[in-house]
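Chemist: fold the following, please.
(chains A, B and C)
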Amino acid sequence: MSTGRRPTLADATRGRILFGGDYNPEQWPEETWPEDARLMREAGVTAVTVGVFSWAKLEPEPGAREFGWLDRLMDLLHEHGVGVVLATPTSSPPPWLGRLHPDSLPVTEDGRTEWWGGRQHFSHSSAAYRGHAAAITEALAARYAGHPALTMWHINNEYCTADFGDEAAARFRRWLRAKYGALDALNTAWGTAFWSQGYDSWDGILPPRTPHYLKNPAQVLDFRRFTSDMLLECYTAERDIVARHTPHIPVTTNFMPLFPGQDAWRWAEEEDVVSVDLYPDPRDPLGPQHGALVQDLTRSQARGPWMLMEQAAGPVNWRGVNHPKPRGLNRLWSFQAVARGADAVCYFQWRQSRQGAEKFHSGMLGHAGERGRTFQEVKRLGAELAAIGPAVTGSPLHADIAILHDWHAWWASAQEGRPSAHVDHPAVLHAWHRALWEAGFATDFAHPAHDLGRYRLVVVPQLYALTDAAVGNLLAFVRAGGTLVCGFLTGVADEDDRIRPGGMDPRLRELFGIRVLHEWWPLEPGETVVCDGFLGTLWSEELEAEPDAVEARYGGGELDGFPAVLRRDRAWYVSTLPEPDALRALTARIAAGAGVRPVLAGLPDRVEAVRRGELLFLLNHRREPVTVDVPGTHTDLLTGDKITDRVFLDRYGVMVLRS
Amino acid sequence: MSTGRRPTLADATRGRILFGGDYNPEQWPEETWPEDARLMREAGVTAVTVGVFSWAKLEPEPGAREFGWLDRLMDLLHEHGVGVVLATPTSSPPPWLGRLHPDSLPVTEDGRTEWWGGRQHFSHSSAAYRGHAAAITEALAARYAGHPALTMWHINNEYCTADFGDEAAARFRRWLRAKYGALDALNTAWGTAFWSQGYDSWDGILPPRTPHYLKNPAQVLDFRRFTSDMLLECYTAERDIVARHTPHIPVTTNFMPLFPGQDAWRWAEEEDVVSVDLYPDPRDPLGPQHGALVQDLTRSQARGPWMLMEQAAGPVNWRGVNHPKPRGLNRLWSFQAVARGADAVCYFQWRQSRQGAEKFHSGMLGHAGERGRTFQEVKRLGAELAAIGPAVTGSPLHADIAILHDWHAWWASAQEGRPSAHVDHPAVLHAWHRALWEAGFATDFAHPAHDLGRYRLVVVPQLYALTDAAVGNLLAFVRAGGTLVCGFLTGVADEDDRIRPGGMDPRLRELFGIRVLHEWWPLEPGETVVCDGFLGTLWSEELEAEPDAVEARYGGGELDGFPAVLRRDRAWYVSTLPEPDALRALTARIAAGAGVRPVLAGLPDRVEAVRRGELLFLLNHRREPVTVDVPGTHTDLLTGDKITDRVFLDRYGVMVLRS
Amino acid sequence: MSTGRRPTLADATRGRILFGGDYNPEQWPEETWPEDARLMREAGVTAVTVGVFSWAKLEPEPGAREFGWLDRLMDLLHEHGVGVVLATPTSSPPPWLGRLHPDSLPVTEDGRTEWWGGRQHFSHSSAAYRGHAAAITEALAARYAGHPALTMWHINNEYCTADFGDEAAARFRRWLRAKYGALDALNTAWGTAFWSQGYDSWDGILPPRTPHYLKNPAQVLDFRRFTSDMLLECYTAERDIVARHTPHIPVTTNFMPLFPGQDAWRWAEEEDVVSVDLYPDPRDPLGPQHGALVQDLTRSQARGPWMLMEQAAGPVNWRGVNHPKPRGLNRLWSFQAVARGADAVCYFQWRQSRQGAEKFHSGMLGHAGERGRTFQEVKRLGAELAAIGPAVTGSPLHADIAILHDWHAWWASAQEGRPSAHVDHPAVLHAWHRALWEAGFATDFAHPAHDLGRYRLVVVPQLYALTDAAVGNLLAFVRAGGTLVCGFLTGVADEDDRIRPGGMDPRLRELFGIRVLHEWWPLEPGETVVCDGFLGTLWSEELEAEPDAVEARYGGGELDGFPAVLRRDRAWYVSTLPEPDALRALTARIAAGAGVRPVLAGLPDRVEAVRRGELLFLLNHRREPVTVDVPGTHTDLLTGDKITDRVFLDRYGVMVLRS
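Modeler: The predicted structure is shown next:
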C-alpha cells in the first residue's frame, strides 16, 4: 500500500452525515431503478453501497466482464445526487468458482465442505479464490476510479470464515514458520510436551481439526490468529488494488460487532474508515446498551468518527423470533449512533428483497412500500440527519474511562476445559460496560498495550491473557496516578496461554495485595455468593490477601471470610461478578474516587445523555415519555426550540441540544 | 401405465373390512407358520402384508431367486382364507447392493453416507438401485400374478429418503432442465441475483448441500419437489411392472401421516388405494384429533374409502417413552378409522419380532402370546369388524367444510430465515382442525387448486405460498357464495417463494380489506396478545384495514387498536392464532354463518360423532363412561341393542348406530 | 504371557500404601526436577507414574530413541526414595504416526476422522499403530527392566476409543468369523431376516456405521464386544512384552469407572493390579456413594486390594463448572478408598501443568505452589497414610451381599428403540447400590456367572440380557438357600439380544410367580406411580401373577390392582424403581430377612462405616461435625486417642479405629 496520507471518512461525508444503505439493483428489473432513485432522494439518501453481491452479475462466466448495467446505475445515482460506496464483490463467489476449483471451498474442523448455494463459500487460503478476487477487483477499480459517484470503497463483506482444509493447512504452516522460525520454538510455545504432541516436522502440523478429546489450546489460539491474519491478507490485497487506482477515496470493510473472528484493533489500522454492522434485538431491554458498547468500541478503533454500515430499519430474519422495531425506535437508535461518533448511518438494505435467503430481513423500503410505516420513518430520519449534519460531522467525543478489550485474550480464554464453561468473555465485557453506561459515564475502549495516559480510570473486565508488556503498561498507568480496576481471570496466562506462576501474574498479585491464589471457585448458573452488602455471580475465589487490601469479604459457604474485593490505593481487584446494581454502585464509587463525573447528573433510568463536540444528545430508551433536568438554556437542533433547565422527551424521544 | 380402468379398494375388500397386518414369516422358523395361520383365522384376519423386507431372502445374492418359501407361505395363507397384500421388497436392499454399488447409498446434506445395516439405504437416483429393484419386482409379479391369495400390491414402504450425492445431483439437473428449459428461467425463479448465485452452467447446480450460511430457499423448494418426484418415479416404475402383470389387482404404497417428504396429493393420483400408517401417542390427549386429521386427509386424498395400512396394537418403540395402549384404546381408534372412511384396518405387525431393531414395537400377537391382553383385544376387534363390514364398506362421508393443505406451500414456508422459527405448518394445521373437530364438524381436506364448489366453508389455516391459479380459485369460491377464512401467513409468496407485492397477494388483501400490511409481529413462545375477548398466540400483525372490515382489534402493547380479525362479507382473515377455546368459538361462529351444522348437537367433551353412509359412529375418548343424547331410535350394530334418545358409552366405548 | 505366578499389588506396596500421582517431567525444565523430588519426599510420596504421555519425547522421530532424560529422572526419583510406576506411552502417539500412517487414526460412526492434536488418536485395529507401540514398549522394557525404581508397569491410559474405519472393518470380520464360523450362524444371531439384512458374504459386513434409521442391535452388541476385545489385544500385547522382561513386576492399566467401552470383568483377569480413575463431583451430594460403588466394583474385579490410580486433589477441568474440593474433602475421599480396599492412593497429577489442555485440572502441587492449601492438605494426608499403611495394606473386606453387573447386559440394553430412552443402566445400578449404601450394608459386585455361594443376598438391579448359564446360576443360588432380588428388565433377552419367550426368561417368570407379562409401562421423566405404601418411578408393568406371589400392588391409573412387587420364598421381583427412601427400606427388609446386618447399627445420616480387616473406618460426609455411637473401646490410628462408645467426627472427618 502506498505510504501517502490516506483519505478519511471526512473525505466522504464533507459535512453531511452519510445516510443510505446497501442497494442491490441486480435483484430488480431495470425499470425499477428510477423509482429507487426518486425515493432515495425523497428519503434524503446521500450514499448507497452497491455491488456487495454482484460478482456473478459482473463476471457471469470466468473472465467475462459485464459492466454496462453498473455504468448505467452509477450514472443514474449520480444524477440523483446519491453517492456510491462501491463494494468488491468477493464475499460471494459465483458458482463457477466452486465448480472449477472445489478446493476454493472452506472445510470445517469436522472435515465438512461448505458448499456454494449460500454466501462466503471461499477459503481465505485458496490461491484460486485470491487470484480471481484480485482480478475482478482490479477490473472494477480500473473502470470506476474516475466515476463522480464513487464515494468510498467497501471491500468484501463481514469477513468471517475459517478453513481447516489442506490448502489452509499449508498456509498455516507457513504462517507458523514465519512466527516461530524454529520448530523447537513452536513446540515450546504450544507446550507440546503435554500429551506427546511434539512435532518433528512442519509437515506434521495441522489446523486444529476435531480430535478424539480436547484440543491443544495454544494451537487453537494460533489458528485463530492465523485465520484473522489470512482474512486480513485478503482484505489488504484488495484494498491495495483499489487504493492504487484511487488514492483519494477512503476504503473500509464492515465489521460485525464484537465478532470473534477478527482482531479488530489490528484490522482497524488497515482501514481508512472503520465501519460496523449493528443489529440489537428490538425486544432486548439491554439493546441500547449493546448498541452503546459497539459504538464506543468502533469509535475507539476508528480513533474518531466511524460509519454505521448496516442496521435494520425493521426486523432481521436470523433470530428465532424476529421482532419489528416499534414506532420511533429506528430513529432513536440511529441518533444514538450519531451521538456516539457515527458520521454515517446506513442500512442493510435499501429495498427489501422479494427472493432469496433474506427476503424477510427488512429494508428502508419494505414489502409494504412507500406507504409502509418503516419508509415513512426513514424519510423523517433522513431529513433530520441532513439538518444536524453540519453541526455534528467530524466532532469528537471525550471519555475519562477506558475499558480494555483484546481479541487475543478473548481467544485464549474462550476454550474447552476451563474452570467454568459459563464464563463468557463478551458477557463479562457487557456487564462492566453496562454498569458504567447505566451510571452515565462516557467510556472509550482501548487495547491493553495502548497509551492509557489520557484516562483517569481504566477498567479491565477480564483479560485472561496478557503479555509482559501489557502487564507493564497497566502497572505504569497506576504508577502515573491512574485508577485501575480488574475483574477476575485477568492476567492468568501469557500470550501463549501459559499459566502465570501462582495462577496470576505476580506483579498484578503484588499490585492488588494477593499473597496466595488458592483456588478458583466458579459458581453454577444462577448461583450467587454473598459478599459484604451485595451478591456475586458466576465466579468466586479462595484468596489469601494482605490484610490492608481487603475491601469486601465473602460471607457464608466455604469462602466465609475470604476477601472478595481487594484494593490497594488506586488498584482494585474484584474476584466475582457483582450483580448489576452492585457493579454499577461499585464502578460509580471507583470512578468518583478517580475524579470522573457522569455526562449529566440526575438522569432518569433508561435515559441516555451523550456529549459530542458542542452538542448534548438526550435519548429516551423508554416506551413512555419522560422529563429530564438539563440546567441552562439550550436549543434543540431538531426543532429549533429553546429549552431551559428542563426538557420533555417523548417515548423513544431524541433531543440534540446546543447550549 | 395402461390407461384402462384401474381396480379400487373395493376390489380387495368385496364387502369385508380388511383386517390384518404386516407379516414377516422369514423371521420365524417355518414350523411357526401353521400356528400363525391358525391364530390369524381365530382373530378374524382377512389379509396380511407379506414381503416388505424380504429382498435378501428372495435374492440372497445378486441375481439369485428364492421363491420356494414364499410359494409355501402364500399357499398356506390361502388355505386359511387369508389374502395377501404382496409387497415389493425394495425399501431395504440386501447388503450386497451397497457392497457392489456404494454409489447406491444416500448421502446427507452434510456429505455423510447412510450405510446399510438399517433400512431405506437406497438413493432414489441410483441407476443400480433402480435396475435391481425393477428386476426383483418383475420376478415377483411374474411369479405371483395368478396366485389366488394375491389381494393387493404394496410397493416399497414409507418412501422417505433424500439424497444429496453426485448421482442425485445429475438427476436434479435433468429435472431442472425439464422444468425450466433455459438456465435464465432457473436463475429468475431462484432469484440467484441475490448473493451472487447466478449459474452460468447446468453443471454448476448442486443439491442444497450445507453451505456456510443460509441456503437459497427456492433451490431448497425445488429440491423438495425433485425428491418427491424421484421417489414417485421409483414408485411408478414398480407399479407399472406389477400392473402389467395384474391389471385387476389394486396397487398402493403406504404414506406416513402428514409426512413432509412427499407431495401426497400428487402421489395419491398414482395409487389405486391410498393407504397410511398412523401411530398417535396413547398418552397424547390430542391423539384422537391427530388421528381424525390424518383420516380426513387420507380419505380426501383417496376421494373415498382408504386403507389404514399400519397402526400399533400396543406400544411403538421409537418415542422417548413408548406407552402401551390402555384396555379398549386399540378398538376405539380402529373404529375411529372406519368411521372416517377406512375400509381396511391393519397393523405393523402380526407377530412381534424377537430380534432386530423393532422387537419392542408391539404386534397383534405380542411377546406375551395368545394369553396376552393385546391379542385378546385384537380377536374381539376382528369379530366386530367382520360383523359391521357389509354395512360399512364402500360407504361415503359428507362434509360441508374443506380445510386446505398443500405440500408446496408447506415446503416453501418451512425454511430458515423466516419471521419466526416457531411457526410450524403442521402445528397450525392441527390447531385449526382441532377447533373444528372439537366443535363437532365434519371436515374434508382439499388442495387449493381443487374444485371447492361443493363446500360451504373453506378454511385456510396457512398457505404461505399460493399460485395465481390458487388465489383465483379462492376468490371464485367466495364470489360463488362460499365462506372463506384464512389464517396469517397466507398468500405471502408465489410458487417460487417470491414475496407478493405488499407482502400478501393484492387480490387477497383487497378481499379482506387490508390497505397496508406494515409489519409481521411474531410472538415469543408462550407469549400471548390480547384481542377483543380472547388471547392470540404465535403471531400478530400491524395492519391498516378498511374500517368496515375490522371484526376484532388488538389491545395493549405496540399493536393497541390495530385490527386482529378482519371480515368482509364471507371472507375472514385472522392475523393471529387464537387460543384453542377462542379458535373453536370463532370457527363455530363462522361455520354457523355459513350454514354448516355439527354432526350431532350437544355432544359431551371428548366424545366424537361421525356419520358414514347410513351409520352414526359414537366414540368416547374418555377414560370414564359417558351418557350421550341421540334423539330418535337406533340399533347398535355391534350389540344388536335398540336404543332410544340416549346412550351409555363405556370408557373408550364405541357404538355404531343405524336409525 | 508366561504361565508362572504373576506378581500382585502386594509386591509393589510391601506394606506401604502407595501414595503419589502422574508425574510428567517432560513438561518442565530439568532444573525443576530436584524441587519436585524434594517436595515429593516432603509430601510422603512413595511412587509416581512416569511416561504416560512421553512417546514423542522418547521417540521424537520414527525409530529414534531418547532415553537419557528418563534415565536421569528415574535415578533422581530412586535417590529420593520414590518408586516409579512406568507407563508405556502408547495412548498418545506422536504426530509423525498420523502423518506417516493416516489410516492409524480412528474414524467415527459418521465417517469423521479423529485427528492428532489431542490424545488417543489411534485405531486399535491399525497394524501401523500396533507395530510402533510394540517397538517402543519393547525398548522401554528392555532399558528399565533392571532399574531399582521400577515398581509397576502402567500400560497405555484409559483405553476408550472405537473405530468404524476400513481397517477396523476388516478386523471386525475376522473377529466375527472366529466367533461364528459360518455366515449362517451370524445371520441367525443377528436376526438379519429383519429388514432384509441377510449377508451373503463376509465382505458385506461393516461396523455399525450410521444408517438411515435404526441400527441392527445385535450388530451393535457384537461391535461393542469386538471393540473391547481389540483394545484388550492392544493391552495384552504390551503387557506380554513388559512381563517377559520383568516377570516380577506387576502390570496394570487404569480403568475409567463404570466405563461402557471395556468388559472390565474380562480385562481384570489380564491385570496383576486392577486400578481405576475416580473423579466424583465435589458438589454432588451423592459423590461419596458414587465413590463407594466404584470402589466396591473395582475391589470385586481385583478380588482383593486395588489401586486408585487417579483422583484429583482439587478441581477437574472437564465439567461445565469445575468445583474445587473444600477443605478436608480430598482427605476424606482418599480414606474412603483405603477403607474400601485401596492399597494405593494416587492422583492425576503431581504438578499442575502450565500449558496444554489440562492446565486447569488440579495437581497435588497446584499453581498456588507449596503455600497453596491443596499441597498442605496433600502433605498431611501423605503422613497419615504412611502411619496406617502397615495396619491396612493387604487386608480384606467382607460382604454378604453381591450386586450383579455385566457389561454385555448393559451393552445389549443401552440401545435405540427401547421401551424407554430414560432407563439408564448405570443410573439403575447406582439407585440400588445407594439403597444398600445408605442402609449401611457392605456390598461386593459380581458377574452373573460367578460363584455366588458365599453371599446371603444377591441383588440384580437390571440385567436385561442373561445367558442360559447365568439364569441357571441365579436359580441354583436360590435353590441353595440364597435370597435373590431382581429389578425390572432382567432376563428379557438372551446373549444375542433375542427376546426370551413371553418377554422374560420362563424360568425366571416361574421363580417369581409371573403368569403373563402383558405389557411394560415405562413412565415419563418425573412421573411416579403409586404402590402400596410407596411411589415407583421410571417403569411399571402389567403383570398377571400367581396370587400368593403378590407382595405389593399398584394403585390408581391403568395398573390399579396389578402386582408391583412379587415374592416367592427367597425370590423377589420389583417391577418399578421405588423412590430412594422406599428402595432403601425394601432392600433393608430383604437383607434382614436374608440374615444380613449393617456394618454399624444406628449410624447418623451421611456417616459411613466400613470394616476392613481389623479396622473400622468412620467417614463423615457432612459439612458439619457429628457424634457417632461406637460401642466398646477403640484406638484411633490417626491420633492414637483411646475412644469409648462414642466418637466426635469433625466435618469431613475420618477415624480409623482398632478395637
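
Chemist: residue A:502 and residue B:520, how far apart?
Modeler: Note on residue A:502: its distance to residue B:520, by Cβ to Cβ, to the nearest Å, is 56 Å. Where you see a C-beta, it was placed from the backbone N, CA and C, and this is true even at glycine.

Chemist: looking at the two, which one has more neighbours?
Modeler: A side-by-side neighbour count of residue A:502 and residue B:520, using other Cβ atoms under 10 Å in any protein chain shown, places residue B:520 first with 26 against 20.

Chemist: and the contacts of stretch A:267-274?
Modeler: Outside stretch A:267-274, the residues within contact range by Cβ atoms under 8 Å, 6 or more residues apart in numbering or on different chains are A:6-9, A:12, A:152, A:228, A:232, A:235-236, A:239, A:250-253, A:255, A:298, A:301-302, A:306-307, A:344.

Chemist: tell me which of the residues you listed fall in helices.
Modeler: Using DSSP state H to define helices, the subset of the contacts of stretch A:267-274 located there is A:9, A:12, A:228, A:232, A:235-236, A:239, A:298, A:301-302.

Chemist: ok, the residues you listed vs residue A:516, which is closest?
Modeler: Using Cβ to Cβ, the shortest approach to residue A:516 within those belongs to residue A:228, at 36.7 Å.

Chemist: so which bits of the stretch 151-300 of chain A are right by chain C?
Modeler: Within reach of chain C by Cβ under 8 Å from any Cβ of the partner chain, the stretch 151-300 of chain A has these residues: A:190-201, A:203-206, A:208-219.

Chemist: okay, and which of the residues you listed map to helices?
Modeler: When these are checked against helices using DSSP H, the ones located there are A:217-219.

Chemist: so what's residue A:473 closest to, chain neighbours aside?
Modeler: Sequence neighbours aside, residue A:449 is the residue nearest to residue A:473 in space, at 5.8 Å (criterion: Cβ to Cβ, 6 or more residues apart in numbering or on different chains).

Chemist: and the one you found, what element?
Modeler: Element membership for residue A:449 (DSSP states H and E) is empty, with no helix or strand holding it.

Chemist: show me the contacts for it.
Modeler: When contacts are counted by Cβ under 8 Å, 6+ apart, residue A:449 touches A:467, A:469-470, A:473.

Chemist: what's the answer for residue A:643, then?
Modeler: For residue A:643, the contact set (Cβ under 8 Å, 6+ apart) comprises A:630, A:633-636, A:655, A:657.

Chemist: need the CA coordinates for the helix or strand encompassing it. PDB is fine.
Modeler: Secondary structure here is read from DSSP H and E; on that basis residue A:643 sits in strand A:642-649. This file holds the C-alpha atoms of strand A:642-649, laid out as PDB (Å, rounded to 0.1, in the frame of the first residue of the first chain):
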ATOM      1  CA  LYS A 642     -35.300  27.000  23.000                       C
ATOM      2  CA  ILE A 643     -35.200  25.000  26.200                       C
ATOM      3  CA  THR A 644     -34.400  26.000  29.800                       C
ATOM      4  CA  ASP A 645     -33.500  23.700  32.600                       C
ATOM      5  CA  ARG A 646     -36.000  21.000  31.900                       C
ATOM      6  CA  VAL A 647     -37.000  19.000  28.800                       C
ATOM      7  CA  PHE A 648     -39.800  16.700  27.900                       C
ATOM      8  CA  LEU A 649     -38.800  13.600  25.800                       C
END
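
Chemist: flag every buried residue along it.
Modeler: Buried residues in strand A:642-649, counted by 16 or more other Cβ atoms under 10 Å in any protein chain shown: A:643, A:647, A:649.

Chemist: burial of residue A:601, as a residue count?
Modeler: Residues within reach of residue A:601, counting by other Cβ under 10 Å, total 10.

Chemist: okay, it: pLDDT?
Modeler: Model confidence at residue A:601, expressed as pLDDT, equals 92.

Chemist: one more: residue A:5?
Modeler: Confidence at residue A:5, expressed as pLDDT, is 86.

Chemist: mind checking how far residue A:112 is from residue B:79?
Modeler: Counting by Cβ to Cβ, the gap between residue A:112 and residue B:79 amounts to 56 Å.

Chemist: neighbour count for those two, which is higher?
Modeler: Comparing residue A:112 with residue B:79 by neighbour count (other Cβ under 10 Å), the higher total belongs to residue A:112, at 17 against 12.

Chemist: contacts only, for the residue nearest to that one when sequence neighbours are not counted.
Modeler: Closest residue in space to residue A:112, ignoring its immediate chain neighbours: residue B:110 at 5.6 Å, by Cβ to Cβ, 6+ apart. Contact partners of residue B:110, counting by Cβ under 8 Å, 6+ apart, are A:112, B:209-210.

Chemist: let me know the closest of the residues you listed to chain C.
Modeler: For chain C, the closest of these turns out to be residue A:112, at 8.6 Å, with distances computed as Cβ to the nearest Cβ.

Chemist: show me what contacts residue A:355?
Modeler: Residues in contact with residue A:355, defined by Cβ under 8 Å, 6+ apart, are A:27, B:190-191, B:193-194, B:218, B:496-499.

Chemist: one more time with 7 Å
Modeler: B:191, B:194, B:218, B:498 (Cβ atoms under 7 Å, 6 or more residues apart in numbering or on different chains).

Chemist: out of those residues, which are buried?
Modeler: Taking 16+ other Cβ under 10 Å as the criterion, what is buried in the contacts of residue A:355 is B:191, B:194, B:218, B:498.

Chemist: what is the residue nearest to residue A:642 when sequence neighbours are not counted paired to in the beta sheet?
Modeler: With Cβ to Cβ, 6+ apart as the criterion, residue A:642 has its nearest non-adjacent residue at 5.8 Å, and that residue is residue A:635. Residue A:635 has the following beta-bridge partners by DSSP bridges: residue A:642, residue A:658.

Chemist: for residue A:188, see how far away residue A:567 is.
Modeler: Note on residue A:567: its distance to residue A:188, by Cβ to Cβ, is 37 Å.

Chemist: er, residue A:234 actually
Modeler: In this view, residue A:234 and residue A:188 are 30 Å apart by Cβ to Cβ.

Chemist: so these two - more neighbours on which side?
Modeler: The residue with more neighbours, out of residue A:234 and residue A:188 and counting by other Cβ under 10 Å, is residue A:234; that gives 26 against 16.

Chemist: where do the helices sit along the stretch 51-200 of chain A?
Modeler: With DSSP state H, counting those that start in this stretch as the criterion, the stretch 51-200 of chain A has helices at A:55-58, A:68-79, A:95-100, A:127-144, A:166-180, A:183-189.

Chemist: what does the stretch 301-450 of chain A give?
Modeler: Listed in chain order, the helices of the stretch 301-450 of chain A (DSSP H, counting those that start in this stretch) span residues A:329-339, A:373-392, A:407-413, A:425-438.

Chemist: put together JSON lines for the ones you listed, with mean neighbour count on each row.
Modeler: Formatted as JSON lines, the entries for the helices of the stretch 301-450 of chain A read as follows, by neighbours: other Cβ atoms under 10 Å in any protein chain shown:
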{"stretch": "helix A:329-339", "mean neighbour count": "24"}
{"stretch": "helix A:373-392", "mean neighbour count": "20"}
{"stretch": "helix A:407-413", "mean neighbour count": "24"}
{"stretch": "helix A:425-438", "mean neighbour count": "21"}
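
Chemist: I am finished for the moment; much appreciated.
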